[in-house]
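Trainee: please find the sequence and the predicted model below.
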Amino acid sequence: MNYKNSVKELIRENASVFSILLFFIFMTLFFTISADSFFTQRNFLNLLRQSAPILIAATAMTFVITTGGIDLSVGSTLAIVNALCAILLINQFHWVLVLFVLILVGVACGLIQGYFIAYEGIPAFIVTLAGMSSIRGLALLMTEGFTIPIDKNLGIIYLGRGWLFGIPIPAIIAVIIIIIGYVLLNNTTYGQYVTAIGSNSEATRRSGINIKLYTLFTYIFCGVCAAIGGIIIAARLGSGSSNAGVMFELEVIAAVVLGGTNLFGGRGTILGTILGALTIAIIGNGLILLHVSPFYTQIVTGCIILIAIWLNRRYFQNSIKT
């Protein structure tokens, strides 16, 4: 009896994660049956490589949304890093120095926006919406709308196209970021403060916690992860463009919310976020293999995500509570 109660309690506490896990398994089985080339090692490795930027950014976005915030600028941050990467490399800067500069750009994007959110009290939606527009505009100004090629012989290309022990390098980078995010959120004081800020920021502030500093750090972390995603895409495609990452922020936010993180803050789950991101990636990949027209792919993907979240809220979590 105690065993049954403990299992039920475990499911109740992680209802959203279990529901997205079941949906993830269902979609995997569906495309395995319906698309011959879906359940292959080559396809899975390719899927992991392509979804790495979303996995990385979604890990950081989990922290932002858990605090009760939002970051609409991750796609634009990815774009400016992507474009600047190609610009610096074509001007003969060493690729290691370029990596350092690009990470600093990510830090700067998160730092500036995080300052206005945390210390000036401007809503995150407004600040990051302005950032989304201005940062991408700056990327367009830098590139003048052109795609800039990157020499395929440079070492930085390895970060997007390389393999290690039969695993794509982007997937390995994503796993490292995911592990860091999981440990930070679940096993550190910082993670506890992030959750507390989202649950009740005023009570957290009155308990002596510097919520402004922790909020600022959360947006910096998000900026850095978006920058890493931009580097990976530039290295994988062998070019930089101001058009990189269009709609990227919506995919990232959808992955986080689909995974069970509360959009209004106070609860976040890295595991759920990863399952959400992989589910979205599998849906897109499976529809392509089924030769569904790209004009319908976004419509079908959006409808499936909405249905999954609705079923989770309406049936799965309610049934667990009863």
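Mentor: Noted; the coordinates are in hand.

Trainee: C-alpha only now, for contacts and for neighbours.
Mentor: Will do.

Trainee: how distant is the one helix or strand Ile176 maps to from the center of its chain?
Mentor: Taking DSSP states H and E as the definition, one finds Ile176 inside helix 169-187. Centroid separation for helix 169-187 versus its chain: 11 Å, with C-alpha atoms, centre = their mean, to the nearest Å.

Trainee: for stretch 241-251, same thing?
Mentor: So, by C-alpha atoms, centre = their mean, the centroid of stretch 241-251 is 12 Å from its chain's centroid.

Trainee: can you check the distance spanned by it, start to finish?
Mentor: 19 Å (C-alpha to C-alpha, to the nearest Å).

Trainee: Asn43 should be in a strand, yeah?
Mentor: No. Per DSSP: H, G, I helix; E, B strand; the rest coil, Asn43 lies outside any strand segment and is helix.

Trainee: now for the helix holding Ile176, which elements pack on it?
Mentor: Counting contacts by 3 or more C-alpha pairs under 8 Å, 6 or more residues apart in numbering; DSSP states H and E, helix 169-187 is packed against helix 41-66, helix 158-161, helix 189-199, helix 270-289.

Trainee: what angle do the longest one and helix 270-289 make?
Mentor: Regarding helix 41-66 and helix 270-289, their directions subtend 140 degrees when assessed with axes from the mean of the first three to the mean of the last three C-alpha atoms, to 10 degrees.

Trainee: need the helices for the stretch 201-322 of the chain, in chain order.
Mentor: In order along the chain, the stretch 201-322 of the chain carries the following helices (DSSP state H, counting those that start in this stretch): 201-206, 211-237, 248-258, 270-289, 294-311, 317-321.

Trainee: mind checking how far Leu89 is from Val96?
Mentor: Leu89 is 10 Å from Val96, by C-alpha to C-alpha.

Trainee: which of these two has more residues huddled nearby?
Mentor: Legend: neighbour count by other C-alpha atoms under 10 Å for Leu89 and Val96, higher for Leu89 (19 against 10).

Trainee: which element, helix or strand, includes Val127?
Mentor: helix 124-143.

Trainee: starting at the chain centroid, how far to that helix?
Mentor: 18 Å.
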